[in-house]
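Q: fold the following, please.
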Amino acid sequence: MTMAKDGTLTLTTKFFLDDITQQMQTKYRLKYADFSTPESNGTKALQTYMNTNLLVIQEEIKSVFHVEAVQKAEDNLVLVVISSVHLKKKQPFIMTNSLFFDVFPNQINSVRYKNSQTRFRLREKSYRYE
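A: Below you'll find the model as predicted:
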């Protein structure tokens, strides 16, 4: 995760294609989850899922993530996600990350920001970045 000079927070993440396909098809009742473009049904479902389970909050304002690009790499689905809310630089923010906690009880999500790595566990879904 990086922050641009204008305060735009960018997150690049990888999902296993089989896991994310099964989750989107089950959760959103899709016959076939297509992740070929940002406008495809699987990507739109994933965006909805991420907006529920991956939030950045600064001064009580929640940022909404938008999937800007989708790229498949062998058995992975690689997404570039950019927030639509510009954060105030040098102001703390909180990230809540509960992706896949509803499916995999032992899920651990790792986020790198400013040369540190935060590991999100089911019991610790939020982290405050200074």
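Q: please count neighbours and contacts with C-alpha atoms only from this point.
A: Fine.
Q: okay, now the unreliable bits of the protein?
A: 75, 83, 120-123 (pLDDT under 70).
Q: mind listing the strands for it?
A: Under the criterion DSSP state E, the chain contains strands at 2-3, 9-16, 54-58, 61-63, 65-73, 76-83, 93-97, 109-113, 116-120, 126-129.
Q: dump those to CSV, plus mean neighbour count and distance to residue 48.
A: What follows is the strands of the chain, written out as CSV (neighbours: other Cα atoms under 10 Å; distance: least, Cα to Cα, whole Å):
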stretch, mean neighbour count, distance to residue 48
strand 2-3, 16, 22
strand 9-16, 16, 15
strand 54-58, 19, 10
strand 61-63, 16, 13
strand 65-73, 17, 9
strand 76-83, 19, 12
strand 93-97, 19, 14
strand 109-113, 14, 18
strand 116-120, 14, 20
strand 126-129, 15, 19
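Q: out of these, nearest to residue 40?
A: strand 65-73 (10.0 Å; Cα to Cα).
Q: tell me which residues touch the residue lying farthest from the centre of the chain, please.
A: Distance from the centre of the chain peaks at residue 31, with 23.1 Å (Cα atoms, centre = their mean). Counting by Cα atoms under 8 Å, 6 or more residues apart in numbering, residue 31 makes contact with residue 25.
Q: how far is the longest helix anywhere in the chain from where the chain is centred?
A: Ranked by residue count, the top helix of the chain under DSSP state H comes out as helix 41-53. Remark: helix 41-53 is offset 9 Å from the chain centroid, using Cα atoms, centre = their mean, to the nearest Å.
Q: so what touches it?
A: 21, 24-25, 28, 30, 32-38, 64-67, 70, 96-99.
Q: which of the residues you listed fall within helices?
A: Using DSSP H, those in helices are 21, 24-25.
Q: re the thing from before, which among the contacts of helix 41-53 end up buried?
A: The neighbour count (16 or more other Cα atoms under 10 Å) marks 21, 24-25, 28, 30, 33-35, 38, 64-67, 70, 96-99 as buried among those.
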